[in-house]
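Asks: Dropping a prediction and its sequence here:
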Amino acid sequence: MIVTTDSGSAMVLLGPNSERVRVRSLARRSMLASACESFDHLRLSPGAHHVLTGRPDTETVLHVLRGAAVVGQLSGKPDYLASDGDLLLARRGHALHLEAGPLGVELLCLTLAAPHRTAGTRAALARRRAERRNRP
């Protein structure tokens with residue numbers, strides 16, 4: 001496994017009001033085995049906005065290390081306030097809009113390849129759910 005420790009490899013995005021979003025890629029698909037697409041470290045300055053675009057074949061997990069952020073799905077669903085220690089999951093294909101709180105926010109972002117489900121898999125999952133509901 002390849003580990004990135006060099007702070008010079010970070011990408012800094014500047015917003016319209018001097019807001020900063022610092023993205024450092026800790027690992028990419030070619031570096032890791034299995035379903036991991038990417039593993040990134042994000043730092044947003046106070047009030048900064050950042051959109052993590054969703055793809056239909058991936059799911060994203062966010063872990064808030066420090067600070068707070070308002071997290072929205074850009075689809076009319078309610079926003080969430082995430083703070084230290086919170087873990088969020090963006091379902092397949094859903095984009096996330098992040099807005100850092102007054103002290104900024106630091107997150108780890110893990111993007112995973114979502115398993116492909118066939119019609120048979122969906123039917124099996126539906127049967128299992130029905131069996132669980134019918135238990136005494």
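Replies: Now that the structure is in, tell me what you want to look at.
Asks: R129 - that's part of a helix, no?
Replies: Yes. R129: assigned to a helix according to DSSP: H, G, I helix; E, B strand; the rest coil.
Asks: how about the strands in this structure?
Replies: Applying DSSP state E to the chain gives strands spanning 11-14, 20-28, 36-44, 49-52, 58-72, 80-83, 87-90, 96-113.
Asks: quick one: which of these is nearest R135?
Replies: Closest approach to R135 among the strands of the chain (CB to CB): strand 87-90, 26.2 Å. Glycine gets a C-beta too; all of them are placed from N, C-alpha and C.
Asks: got the buried residues for the closest one?
Replies: L88, A90 (16 or more other CB atoms under 10 Å).
Asks: Neighbouring strands of it in the sheet, and parallel or not?
Replies: strand 58-72 (antiparallel) (DSSP bridges).
Asks: The strand it pairs with to strand 36-44, inter-axis angle?
Replies: Orientation check (axes from the mean of the first three to the mean of the last three CA atoms, to 10 degrees): strand 58-72 against strand 36-44 gives 20 degrees.
Asks: so what's L107 closest to, chain neighbours aside?
Replies: Spatial nearest neighbour of L107, chain neighbours left out: L42 (4.7 Å); criterion: CB to CB, 6 or more residues apart in numbering.
Asks: I'd assumed G104 was in contact with that neighbour.
Replies: No. Taking contacts as CB atoms under 8 Å, L42 lies outside contact range of G104: 10.5 Å.
Asks: What residues of stretch 87-105 count as buried?
Replies: Applying 16+ other CB under 10 Å to stretch 87-105 flags L88, A90, H94, L96, H97, L98, E99, A100, G101, G104, V105 as buried.
Asks: Where does the prediction get shaky in the protein?
Replies: Applying pLDDT under 70 to the chain flags the ranges 1-18, 22-35, 74-76, 115-122, 136.
Asks: who does H50 bridge with?
Replies: Applying DSSP bridges, one finds that H50 bridges with L98.
Asks: Give the burial count for it, as a bare number.
Replies: Neighbour count of H50, defined by other CB atoms under 10 Å: 22.
Asks: In contact with it: list those residues for me.
Replies: L13, V21, L42, L44, H97, L98 (CB atoms under 8 Å, 6 or more residues apart in numbering).
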